[in-house]
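Peer 1: I would like the atomic coordinates for the input below:
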Amino acid sequence: MTKMSTYNRATLDEEDLVDSAGDDVYQTSPMLVTLLPSRASACWPDKTQRERRLLILVCVLSVAVFISLITAGVFYKQNRPVLCLTEPCVTVASVVMGALDRSVDPCEDFYNFACGGWVKNNPLPEGKSRWGPFSNLWEHNMLVMKHLLENRTMKGLSEAEEKAQRYYQACMNETKIEELGAKPLQELISQIGGWGLTGPWDKDNFQEVLRTVSANYRASPFFTVFVNPDSKNSNSNIIQVDQSSLGLPSRDYYLNKTENAKYLMAYLNFLVELGVLLGGSPEMSQTLMEEIVDFETTLAALTVPQEERRDEELIYHKMEAKDLTTLAPAVDWMPFLTEVFAPVPLNESEPVVVYAKEYLQKVSDVITKTNKSLLNNYMIMKVVRRMVSYLDQRFQDAEQRFLEVMYGTKKSCTPRWKLCVSDTDSALGFALGAMFVKDTFAEDSKAIAEEMVAEIKGSFEDSLQGVSWMDPETKKAAKEKADAIYNMVGYPEFIMNATRLDKVFNDYEVVSELYFQNIMQYYNFSARVTADQLRKTPNRNQWSMTPPTVNAYYNPTKNEMVLPAGILQAPFYSRSWPKALNFGGIGVVMGHELTHAFDDQGREYDKDGNMRPWWQNSSVEAFKKQTQCLVEQYGNYTINQEPLNGRHTLGENIADNGGLNAAYKAYVNWIKKNGEEAALPAVGMTNHQLFFIGFAQVWCSVRTPESSHEGVITDPHSPSRFRVIGTVSNSREFSKHFGCKADAPMNPKHKCELW
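Peer 2: Below you'll find the predicted structure:
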């Protein structure tokens, strides 16, 4: 254990001082030993008995000191840590040290200790509302994708990969986009049936417009309909219905009007500007958009807060399609579902899972009581909001002004290529992903990552045995679930097979000139793909993230964790780094996703991905008691005087804490098998300390106050700072290796312990 008092001095300077002191001793001690005997032999007869005894004692002590110093020197040289002096180690040591703030005591504030230097050296880039290693790596991946998409001389591309290049090319054709202006969207609105922005409105076409905007443009104005595995029968995909999203990120923006006044005003001004750009007068646009914001506020009041929807067992309601008519009679459900899922034939007995039963009842009443013109205006505005980014610069400037207020970003001139790369990844991400993987992803990285996952899974299962609050039967079932977790690393296999990849995108036509047309074609293609999945067995090769994505996820109905190639890079992982950093980086990410299988929502699903009560009641109650500790811990944190929502972030906080524990234990097990590894030069830390530093520095970040506010309201993850200090303050191993005194801020007496 390294005590705090010595930890702060563990620098290169200290090693130099010890070495020089040792050299002095080795030079003087032999001289002392050789001089004393020669002097004694010359004068021995003249000495008294007392002097002779004293001289013998001095000689014996000198020899003893000499032997002790020789022994200490050998011991020091044997036990001085071996340093990793390869170029990657020297480079990453520099990066690690540059991010630190050694003026901060790690036991007082580990986030500022690990990230203070990084924050100082990384002012928020222009146009960004937040910045950190995730965003930095995504920028790097985007640059790689840009070069791949722009390289028109590449040989051997599949048809799907060529479509990705054409899609990007159309997006980059600003001349054509500017030439068309608002016309593509104006024509689209006309095809849907028009709206009241440019003239009187008295059409009775609510049902037709609702079907069109939902089926063809995925606008989801009042509720959202999609296909996903049935939570209680995970071998089959089923229609699901839920409450819809709003124009602003959360219901809180509408309901807490005083606190969020500037955001509401910016939103209204944005909508008014869009109305004027689409041909409305300023006065008409102002009137119409005020009505829309008021109406959306009514919808916001009906939506259920996310923290109240965490127990999926309570909100899961399975019924037949015909029952929807009774539940929400304002919608003609059978014609609606038939059009949304065309060409798949449906009948009234089609099973449907509803996740917002009370909401649907209330929204049906609102639809019935609301003016038809306002309903139509709202539905069209939902389409308009989806299309803004695909139009000329005037629309993008209007959106940018809104985002500047919403997220506190400074006005910037973001290069067009970044928007186009990101959009190509959204539409043809698996075709682009094939190019990305072939260009950047070393095949053995996949094997190494899979081996790490296995090690972390093993350490998690070992920890299960020591969980005191869980009964033996549930513990056994939990181990079986962990064993059954399916690992998806790097990319889905089909993208490496040109024939299979082309087949996936065969029905998607892409032209090089007309960007807006490509978007419309994509919505139609996406709708057909969704409909085709209905009633089929979920496909493991169907990922929710594309290979270049810098993220990872766990899917409870498939009981699988997915780690895209995009995140299997520095600063999360490098094959040439010490294992301490890899386990602290990508290892904690793996542990995080694994632990999601046992968070407050994931634990409801068994090893086959079915939601059922597979825990003993005693363990369920004990779990709720243990997790209440985390709810209260994180609920006591504040950012900009705004308290975090410990209930809303519970699942992610469980995953953060469990992930850190599993990864650390896996690292300890790795050391037992392979021995201690070489330390980084100049950092002055043990590898156990380096593990925690590697974990923390992944979360170094800067963020605007507006973005932090939005995160507190909407994000199920805690802010980066609390993802670090919240987890390490629950870690006994952290306090042990950093020598934290009892009751230090990072070593509270009462710790929240779950997995």
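
Peer 1: now this structure, which segments are flagged as low pLDDT?
Peer 2: Regions of the chain meeting the criterion pLDDT under 70 cover residues 1-81.

Peer 1: Just want the most central residue of it.
Peer 2: Within the chain, the residue whose C-alpha comes closest to the C-alpha centroid is N551; the distance, by C-alpha atoms, centre = their mean, is 5.1 Å.

Peer 1: for that residue, what are its contacts?
Peer 2: When contacts are counted by C-beta atoms under 8 Å, 6 or more residues apart in numbering, N551 is found next to 134, 545, 564, 566-567. C-betas here are computed from N, CA, C, even on glycine.

Peer 1: Quick one: buried ones out of these?
Peer 2: With neighbours counted using 16 or more other C-beta atoms under 10 Å, the contacts of N551 contain these buried positions: 134, 545, 564, 566-567.

Peer 1: how about the residues you listed in JSON lines, adding secondary structure?
Peer 2: Rendered in JSON lines, the data for these read as follows (DSSP: H, G, I helix; E, B strand; the rest coil):
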{"residue": "F134", "secondary structure": "helix"}
{"residue": "M545", "secondary structure": "coil"}
{"residue": "P564", "secondary structure": "strand"}
{"residue": "G566", "secondary structure": "helix"}
{"residue": "I567", "secondary structure": "helix"}
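
Peer 1: quick one: which of these is nearest to A580?
Peer 2: Lowest distance from A580 to these (C-beta to C-beta) belongs to I567, with 18.6 Å.

Peer 1: so the residue nearest to the centre of the chain, which of the three states?
Peer 2: Three states are possible here, and by three-state DSSP the one that applies to N551 is coil.

Peer 1: Then M379?
Peer 2: Once three-state DSSP is applied, M379 turns out helix.

Peer 1: neighbours of the nearest residue to it once chain neighbours are set aside, just the number please.
Peer 2: Of all residues not flanking M379 in the chain, P221 sits nearest, at 4.6 Å (C-beta to C-beta, 6 or more residues apart in numbering). If you count neighbours by other C-beta atoms under 10 Å, P221 ends up with 22.

Peer 1: so P221 makes contact with L210?
Peer 2: Yes: using C-beta atoms under 8 Å, P221 makes contact with L210 at a distance of 7.0 Å.

Peer 1: what do the two both touch?
Peer 2: Between them, P221 and L210 share the neighbouring residues M379, with contact defined by C-beta under 8 Å, 6+ apart.

Peer 1: residues in contact with G275?
Peer 2: For G275, the contact set (C-beta under 8 Å, 6+ apart) comprises 197, 284-285, 288-289.

Peer 1: Mind checking which of the residues you listed land in helices?
Peer 2: Within the contacts of G275, residues falling in helices by DSSP state H are 284-285, 288-289.

Peer 1: Give me the next element, helix or strand, following the host helix or strand of S708.
Peer 2: For S708, the host element (DSSP states H and E) is helix 705-714. Toward the C-terminus, helix 705-714 is succeeded by helix 720-728 as the next helix or strand (DSSP H and E).

Peer 1: And for D606, the neighbour number?
Peer 2: For D606, the neighbour count with other C-beta under 10 Å is 20.

Peer 1: which phi and psi does it have?
Peer 2: Phi and psi for D606, reported as degrees, to the nearest 10, are phi -80, psi -170.

Peer 1: which SSE is M265 in?
Peer 2: Under the criterion DSSP H and E, the helix or strand holding M265 is helix 261-277.

Peer 1: tell me the angle of that helix relative to helix 705-714?
Peer 2: Put simply, helix 261-277 runs at 100 degrees to helix 705-714, going by axes from the mean of the first three to the mean of the last three C-alpha atoms, to 10 degrees.

Peer 1: Could you pull out the buried residues of helix 261-277?
Peer 2: Taking 16+ other C-beta under 10 Å as the basis for neighbour counts, the residues of helix 261-277 that come out buried are 263-264, 266-277.

Peer 1: now that helix, how far from the chain's geometric center?
Peer 2: Remark: helix 261-277 is offset 30 Å from the chain centroid, using C-alpha atoms, centre = their mean, to the nearest Å.

Peer 1: Please apply the same query to stretch 536-550.
Peer 2: Taking C-alpha atoms, centre = their mean, one finds stretch 536-550 lying 16 Å from the centre of the chain it belongs to.

Peer 1: pull the longest strand from this protein.
Peer 2: Among the elements of type strand in the chain, defined by DSSP state E, the one spanning the most residues is strand 233-243.

Peer 1: ok, how many other residues are close to L302?
Peer 2: 18.

Peer 1: Also the one 3 residues further on?
Peer 2: By the measure other C-beta under 10 Å, the count of residues near P305 is 14.

Peer 1: Confirm for me that it is in contact with R251.
Peer 2: Yes: contact status for P305 versus R251: in contact at 6.8 Å, counting by C-beta under 8 Å.

Peer 1: count of neighbours near N617?
Peer 2: Residues lying near N617 (other C-beta under 10 Å) number 10.

Peer 1: Distance-wise, check it relative to K322.
Peer 2: N617 sits at a distance of 36 Å from K322 (criterion: C-beta to C-beta, to the nearest Å).

Peer 1: one step back: reformat the contacts of G275 as a markdown table; add distance to F430 and neighbour count.
Peer 2: Rendered in a markdown table, the data for these read as follows (distance: C-beta to C-beta, whole Å; neighbours: other C-beta atoms under 10 Å):
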| residue | distance to F430 | neighbour count |
| --- | --- | --- |
| L197 | 38 | 23 |
| M284 | 44 | 17 |
| S285 | 40 | 21 |
| L288 | 40 | 22 |
| M289 | 38 | 24 |
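
Peer 1: Let's have the residues you listed in JSON lines, adding distance to K457.
Peer 2: What follows is these, written out as JSON lines (distance: C-beta to C-beta, whole Å):
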{"residue": "L197", "distance to K457": "56"}
{"residue": "M284", "distance to K457": "61"}
{"residue": "S285", "distance to K457": "56"}
{"residue": "L288", "distance to K457": "56"}
{"residue": "M289", "distance to K457": "52"}
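
Peer 1: Which single one of the residues you listed is nearest to T338?
Peer 2: Compare each of those with T338 using C-beta to C-beta and the shortest gap goes to L197, at 29.9 Å.

Peer 1: Which element, helix or strand, includes the residue lying closest to the closest one once chain neighbours are set aside?
Peer 2: Taking C-beta to C-beta, 6+ apart, and ignoring the residues beside it in sequence, L197 has G280 as its nearest neighbour in space, at 4.0 Å. Counting by DSSP H and E, G280 is held by no secondary-structure element, helix or strand.

Peer 1: and if you look at T224?
Peer 2: strand 223-230.

Peer 1: what ranges do the strands span in the stretch 501-650 of the chain?
Peer 2: Defined through DSSP state E, counting those that start in this stretch, the strands belonging to the stretch 501-650 of the chain, from first to last, are 553-555, 560-564, 638-639, 642-643.

Peer 1: Now the ones you listed in a markdown table, please, with extra columns for distance to P472.
Peer 2: As requested, those are exported to a markdown table (distance: least, C-beta to C-beta, whole Å):
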| stretch | distance to P472 |
| --- | --- |
| strand 553-555 | 25 |
| strand 560-564 | 26 |
| strand 638-639 | 41 |
| strand 642-643 | 39 |
